[in-house]
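*Asks:* A predicted structure for the sequence below; I have some questions about it.
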Amino acid sequence: MKGGIRPFIVTIFGLFAVLSFFVRHRTEVTVSPLRTWCPLFNQEIFSMSSPLLTVLYDGGCPMCSREILHYQRIAGDRPIRWLDVTQEATDITPYGLTVEAALRSFHVIPVSGPMKAGASAFVTLWSALPYYRWLAKVILATGTLPWLEGIYVRFAAWHFKRRCATGTCGLPPSTEGP
C-alpha cells in the first residue's frame, strides 16, 4: 500500500470528524418518507417493552453526556434503553458489571448476542442509528475495528484515570486506579 497505513487512518478519522460535525448540527428528527405514504410504515413498529439495545453510559462525564444526548436525539423513537450508571436508581447487576467496570468503558447490550464494550460497543450502537449506519458498515468492512479498539482502550484508561484523580468519577478512593 503506497504511503503506508497512516494516510488511511487519517482519512477514516477525517471522514468521521466531518460526519460528526454535520450530524451534531442537525437537531431535528425527521420522519421517513415511507411512513407518509406506506400504511405498513405508518404503524408503530417499535416497542420500549423490548428494546433492541441497552446502552450503559457515564452520565457524570460531561463529554460522555453530550455524546449520548446527541445519540438520543438521532435515535428518536427507536427502542434503545439508555442507562446512566452514575444514577443511584440504575441497577446494572443483571448485566454482570460493577459500577467501576461500567465507568471504565462504554457498554452496549444487544437484545440478541453478547455484551459489547469499547469501540465495538460504539459500532453496535452506530449500526442501530440513522446517519451512523454507514460508518459502522465501513468500519466492519475495512477491518479497522481492532485498531479503533486499541485507540479506545488507551483513551478510556487515560480518561478514567484523569476523572478519578480529580475526584469526579464518584468511586470510593480504594477503587480508583489506573
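*Replies:* Okay, I see it. Numbers count the residues shown, from 1 in each chain.

*Asks:* Val99 and Glu149, how far apart?
*Replies:* 23 Å (CB to CB, to the nearest Å). In this view, the C-beta of every residue, glycine as well, is placed from N, C-alpha and C.

*Asks:* which residues in the chain form helices?
*Replies:* 6-24, 33-37, 39-42, 62-75, 99-104, 119-128, 133-142, 145-165 (DSSP state H).

*Asks:* can you find the helix or strand of the chain with the lowest average pLDDT?
*Replies:* Across the helices and strands of the chain, mean confidence by mean pLDDT, DSSP states H and E is lowest for helix 39-42: a mean of 40.

*Asks:* contacting residues around the residue nearest to Val123 when sequence neighbours are not counted?
*Replies:* Leaving aside its sequence neighbours, Val123 sits nearest to Ala136 (CB to CB, 6 or more residues apart in numbering; 4.8 Å). Counting by CB atoms under 8 Å, 6 or more residues apart in numbering, Ala136 touches 123-124, 126-127.

*Asks:* how many neighbours does Arg73 have?
*Replies:* Around Arg73 there are 14 other residues, counting by other CB atoms under 10 Å.

*Asks:* same thing with Pro110?
*Replies:* The burial count for Pro110: 17, using other CB under 10 Å.

*Asks:* and the closest residue to it other than its chain neighbours, how far is that from Ala141?
*Replies:* Leaving aside its chain neighbours, Pro110 sits nearest to Leu53 (5.7 Å; criterion: CB to CB, 6+ apart). Going from Leu53 to Ala141 by CB to CB gives 21 Å.
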